[in-house]
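Undergrad: what's the 3D shape of this:
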Amino acid sequence: MPETPVRWVSAFVDVGPDLFDATVSYWAAVTGSERGAPVGDRSEFLPLVPSLGDPCLWLQRLDDGPTACHPDLYVEDVEAVAERAVGLGATRTSTDDGLIVLRSPGLLPFCLVRHRGQAARPAPTGPADARSIVDQVCLDIPPGRFERECDFWSALTGWTRSNEPDTEFERLLRPSGIPYAFLLQRLDEEQPAVSAHLDLACEDRDAVTSRHQRLGGEVVRRAPGWTVMRDPAGLVYCNTGRQPGAV
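TA: Numbers count the residues shown, from 1 in each chain. Okay, here's the model as predicted:
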C-alpha cells in the first residue's frame, strides 16, 4: 500500500430533510457552485459542482439526527485501508459497494470511498477582493482524546503532524492536489466525541462574512484570526484570515 493512500478528500454537511434544500442553496451560493445530480439509494447524497475543479463539498440528507460535518477519504483499495484504520483504533460501522463507514478512536464518523479519478482542486470564488474557498476540515478534539486522535489521523493518511507553537492547534500537512487540509484543535473542555467543522480561507474576512450574512448566515463570535459562523441549518463553521492557497 502507498505510504499516503489518500487520493482525494471530500467534506460532507449532514442535514435533516426540512432544512436540506435551504442548506444546499446556501452552500452553493457561498462556494459559487451548482447543484449536482444526487446519488445514493435514496438520492440522499448531493454534490456541489464548482465552476472549475472536481466536486469536494457534498450535502447528505439525513432521516434524523443533528446537523453535522464529516470527511470522506478517497482511496484506491477501500477494504485494505479500512483494515488499516481498524488496526489503528477505528470502528467499522457499515459497508456498501465502494464505501465503508467508520468511526475514529474519538468517535468521529468518516467514510472511505473508492477513488474515481478526482484530481483538480476547486478555485477560490466570490466578488473581487473578497474571494474565499472552503479548504480545511477542523477536528474539534476533547483534551483527553487529543494525542490518540491526532496520531490516528496522521497514521491513517500518512500526512505529517505539524504543531503551531503556543496555540491549541496542530495540522496535518496535506499533499499537493488534495482539496482539504486537516486542522486539529484541542478543546478546552471534555465532550463525548470528536466533532468537525469547515473552515474557509478568505481574502477579506470581514467582506466575506458580510456576504454570508446577506445569504442567511449568522455571526456567532469574532476572534482575532477567525469569525465563527452558523449556516441556516445550524452548522457552525469559520471564516479565517488565511489567504486562499495557503497550506
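Undergrad: from here on, just use CA atoms for contacts and neighbour counts.
TA: Fine.
Undergrad: and the helices in this structure, which stretches?
TA: Ranges of helices within the chain are 20-31, 78-87, 146-157, 205-215, based on DSSP state H.
Undergrad: which of those helices sits closest to P127?
TA: Nearest to P127 among the helices of the chain is helix 205-215; the distance by Cα to Cα comes to 8.9 Å.
Undergrad: now tell me what touches the closest one from outside.
TA: With Cα atoms under 8 Å, 6 or more residues apart in numbering as the contact definition, helix 205-215 has outside contacts at 26, 29-30, 130-132, 202, 218-219, 226-227, 239-241.
Undergrad: how about stretch 119-129?
TA: Residues from elsewhere that reach stretch 119-129 (Cα under 8 Å, 6+ apart): 7-8, 30-32, 50-55, 131-133, 177-179, 203-204, 244.
Undergrad: any buried residues in it, and which?
TA: 119, 121-126 (16 or more other Cα atoms under 10 Å).
Undergrad: likewise for stretch 143-150?
TA: So stretch 143-150, judged by 16+ other Cα under 10 Å, has buried residues 145-146, 148-150.
Undergrad: with stretch 45-54 instead?
TA: Judged by neighbour count (16+ other Cα under 10 Å), stretch 45-54 contains these buried residues: 45-50, 54.
Undergrad: ok so, going back, now pLDDT and distance to S195 too, for the contacts of helix 205-215, in a markdown table please.
TA: Formatted as a markdown table, those follow (pLDDT from 0 to 100; distance: Cα to Cα, whole Å):
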| residue | pLDDT | distance to S195 |
| --- | --- | --- |
| Y26 | 98 | 22 |
| A29 | 97 | 25 |
| V30 | 97 | 22 |
| A130 | 88 | 29 |
| R131 | 94 | 27 |
| S132 | 97 | 23 |
| C202 | 97 | 23 |
| E218 | 98 | 20 |
| V219 | 98 | 20 |
| W226 | 96 | 18 |
| T227 | 98 | 18 |
| N239 | 98 | 18 |
| T240 | 97 | 19 |
| G241 | 94 | 22 |
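Undergrad: now the residues you listed: which count as buried?
TA: Looks like those have 26, 29-30, 130-132, 202, 218-219, 226-227, 239-241 buried, using 16+ other Cα under 10 Å.
Undergrad: which one of those sits closest to T167?
TA: W226 (14.0 Å).
Undergrad: does the closest one touch N239 like I think?
TA: Yes - counting by Cα atoms under 8 Å, N239 is a contact partner of W226 at 5.5 Å.
Undergrad: how about the spatially closest residue to V24 that is not a sequence neighbour, what does it touch?
TA: With sequence-adjacent residues excluded and distances taken as Cα to Cα, 6 or more residues apart in numbering, V24 is closest to L59, at 6.8 Å. Neighbour list for L59: 12-15, 24, 45-48 [criterion: Cα under 8 Å, 6+ apart].
Undergrad: repeat for D204
TA: 129-131, 241.
Undergrad: pull the helix or strand with minimum mean pLDDT from this protein.
TA: Ranking every helix and strand in the chain by mean pLDDT, DSSP states H and E puts strand 160-163 at the bottom, with a mean of 92.
Undergrad: that one: partners in the sheet, and parallel or antiparallel?
TA: Partner strands and pairing direction for strand 160-163 (DSSP bridges) are strand 169-173 (antiparallel).
Undergrad: what's the strand it pairs with in contact with?
TA: 154, 159-164, 181-186, 247.
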